[in-house]
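Novice: Sequence isn't available, so here's the structure alone:
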Ligand SMILES: [Zn+2]
């Protein structure tokens, strides 16, 4: 049975343009060349060691015959991050014209700031919440030896260009390249100095320590001559402005623009976060200006706010939001363009819509399906074409889905619609973790929930499980 109801749309306000703060976003600090020289001298045996590792089958990914290391993505999402697995956005590349006052990235665009010598990758959306929840790891981009670990500087929530040093980890690779991972979370280091790490080894969690405006990973690269490297490189000469090296240092280079939805969420009111957003926008990077207002359980008749975190969208891209009740009936459809006010591609945006649940809403798990229709992007300058991606989020109506555990828990738990998540995390007393999944929640070996933990599972028909 189709249900009709009147839903109210959030008023679309003209987004404010981000001014100087964007230019100074993610400021970091440079280390002296002496530090690198010292590390290489101290670990002069590393190339030989890694060569031995490679010859004996310990180094899996990279070829020692290459002119330089090849990197994999220096981040991994934690299994405790539910819903849609898009969790980052690139904010700044290496400035190619350091010293002349302008800021130009490897693709002859302006996605950097003057003097920036690394890659800034923001957690997105609600980066402070993601930081607090340890949703993202930094990961070794290539095999190597850990040469520096600092995770004792206690200013994870910094949002200012001040003088404190950044927590960081540095790795020396087989070709004497050094990669660094900055602004990491206090006490989160999972590796030690002198430790050999495989590519993809989880290093630490992401925070905002040091000279940093918001939780993000600053990943930078220096080659054996201590020259800064920009791992990104365009194969199209007319779109190539990397003056630091002559090829890509990635195994699989990501596109300059990655139009996508990072996440669909539900809220009990209009959330507040930094970035382009139709309402609830603030222009401060600082933690006290973020309010996620997340809610996944609602009552019949209540207003539901749907948020979509959008990354690299073109202003002419469009969203179609469909809401389905537990019986499979569509009762809300919302069609919107991404923006009618902004020009070009929008690095990050959080769009909010709202609707009122029927007073006789069906009890159980409701499904939000978001179809994102977008103009694709080709790094070689080729024509874009229209494509569609689908994203799903669940919320419940009229359910009680909290359960205080009275014993330790393991094994499979819960059944819902489609999709699934897995967890190997440990829940301690006082933890309050929400699992939301379409199909089932698989508690892998290693998952531990201490008695007294609150466990929430969002399940069709309102069952919860332990
Ligand atoms: Zn940076």
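Specialist: Good, I have the coordinates. Keep in mind it's a predicted model, so treat the numbers as computed, not measured.

Novice: need the contact list for the residue in the stretch 201-350 of the chain positioned nearest to the ion.
Specialist: Using C-beta to the ion, the closest approach of the stretch 201-350 of the chain to the ion is made by residue 218 at 3.5 Å. Every residue, glycine included, has its C-beta placed from N, CA and C. Residue 218 is in contact with 26, 28, 118, 119, 120, 166, 180, 181, 182, 183, 212, counting by C-beta atoms under 8 Å, 6 or more residues apart in numbering.

Novice: ditto for residue 74
Specialist: 121, 138, 139, 140, 141, 179, 181, 217, 219.

Novice: Same check on residue 68?
Specialist: By C-beta under 8 Å, 6+ apart, the neighbours of residue 68 are 175, 177, 223, 229, 245, 249.

Novice: From those residues, keep the buried residues only.
Specialist: 175, 177, 223, 229, 245, 249 (16 or more other C-beta atoms under 10 Å).

Novice: which parts of the stretch 51-200 of the chain sit against the ion?
Specialist: By C-beta under 5 Å from the ion, the residues of the stretch 51-200 of the chain that approach the ion are 118, 120.

Novice: switch the cut-off to 6 Å
Specialist: 92, 116, 118, 120 (C-beta under 6 Å from the ion).

Novice: and the second one, what pLDDT?
Specialist: Residue 116 carries a pLDDT score of 89 in this model.

Novice: How about the first one?
Specialist: What the model reports for residue 92 is a pLDDT of 94.

Novice: and if you look at the last one?
Specialist: Looking at residue 120, its pLDDT stands at 95.

Novice: Touching, it and residue 216? I think so.
Specialist: Yes. Between residue 120 and residue 216 there is a contact under C-beta atoms under 8 Å: 5.3 Å.

Novice: Now intersect the buried ones among the contacts of residue 68 with the strands, please.
Specialist: residue 229 (DSSP state E).

Novice: Tell me which two of the buried ones among the contacts of residue 68 sit farthest apart.
Specialist: Greatest spatial distance in the buried ones among the contacts of residue 68: 175 and 245, 12.4 Å, computed using C-beta to C-beta.

Novice: what touches both of those two?
Specialist: 68, 223.

Novice: and residue 383, how many residues sit next to it?
Specialist: For residue 383, the neighbour count with other C-beta atoms under 10 Å is 7.

Novice: picking up where we left off before, next one: the residue of the stretch 201-350 of the chain closest to the ion from residue 209, what distance?
Specialist: 10 Å (C-beta to C-beta, to the nearest Å).

Novice: got it, and residue 280?
Specialist: Taken as C-beta to C-beta, the span from residue 280 to residue 209 is 27 Å.

Novice: does residue 373 have beta-bridge partners, and which?
Specialist: Residue 373 has these beta-bridge partners by DSSP bridges: residue 318, residue 388.

Novice: Run through the residues that contact the nearest residue to residue 327 once chain neighbours are set aside.
Specialist: Leaving aside its sequence neighbours, residue 327 sits nearest to residue 362 (C-beta to C-beta, 6 or more residues apart in numbering; 5.8 Å). Residues near residue 362 by C-beta under 8 Å, 6+ apart: 325, 326, 327, 329, 397.

Novice: These into a markdown table, with extra columns for pLDDT, distance to the ion and secondary structure?
Specialist: Listed next are those as a markdown table, based on pLDDT from 0 to 100; distance: C-beta to the ion, whole Å; DSSP: H, G, I helix; E, B strand; the rest coil:
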| residue | pLDDT | distance to the ion | secondary structure |
| --- | --- | --- | --- |
| 325 | 91 | 46 | coil |
| 326 | 83 | 46 | coil |
| 327 | 86 | 49 | coil |
| 329 | 95 | 48 | coil |
| 397 | 86 | 43 | strand |
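
Novice: Show me which pair in those residues is furthest apart.
Specialist: 329 and 397 (12.9 Å).

Novice: In terms of neighbours, single out the busier of these two.
Specialist: Taking other C-beta under 10 Å, residue 329 and residue 397 do not tie; residue 397 has more neighbours (22 against 12).

Novice: right, and the more buried one touches residue 300 too?
Specialist: Yes. The criterion here is C-beta under 8 Å, and residue 397 meets it with residue 300 at 6.0 Å.

Novice: Need the residues touching each of those two.
Specialist: Listed contacts common to residue 397 and residue 300 are 357, 361, 363; contacts here mean C-beta under 8 Å, 6+ apart.

Novice: Turn these into JSON lines, columns for secondary structure and pLDDT.
Specialist: Output for those, formatted as JSON lines (DSSP: H, G, I helix; E, B strand; the rest coil; pLDDT from 0 to 100):
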{"residue": "357", "secondary structure": "coil", "pLDDT": "97"}
{"residue": "361", "secondary structure": "coil", "pLDDT": "94"}
{"residue": "363", "secondary structure": "coil", "pLDDT": "84"}
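
Novice: Tell me the most packed of these, by neighbour count.
Specialist: Counting neighbours by other C-beta under 10 Å, the one among the shared contacts of residue 397 and residue 300 with the most is residue 357, which has 25 neighbours.

Novice: Would you mind stating the distance between that residue and the ion?
Specialist: Taking C-beta to the ion, to the nearest Å as the measure, residue 357 falls 43 Å from the ion.

Novice: Name all residues that make contact with that residue.
Specialist: Per C-beta under 8 Å, 6+ apart, neighbours of residue 357: 298, 299, 300, 301, 302, 303, 304, 397.

Novice: Surely residue 344 and residue 316 touch.
Specialist: No. Counting by C-beta under 8 Å, residue 344 stays clear of residue 316, with 10.1 Å between them.

Novice: neighbour-wise, which of the two wins?
Specialist: Per other C-beta under 10 Å, whichever of residue 344 and residue 316 has more neighbours is residue 316, with 13 against 8.

Novice: Nothing else from me, thank you.
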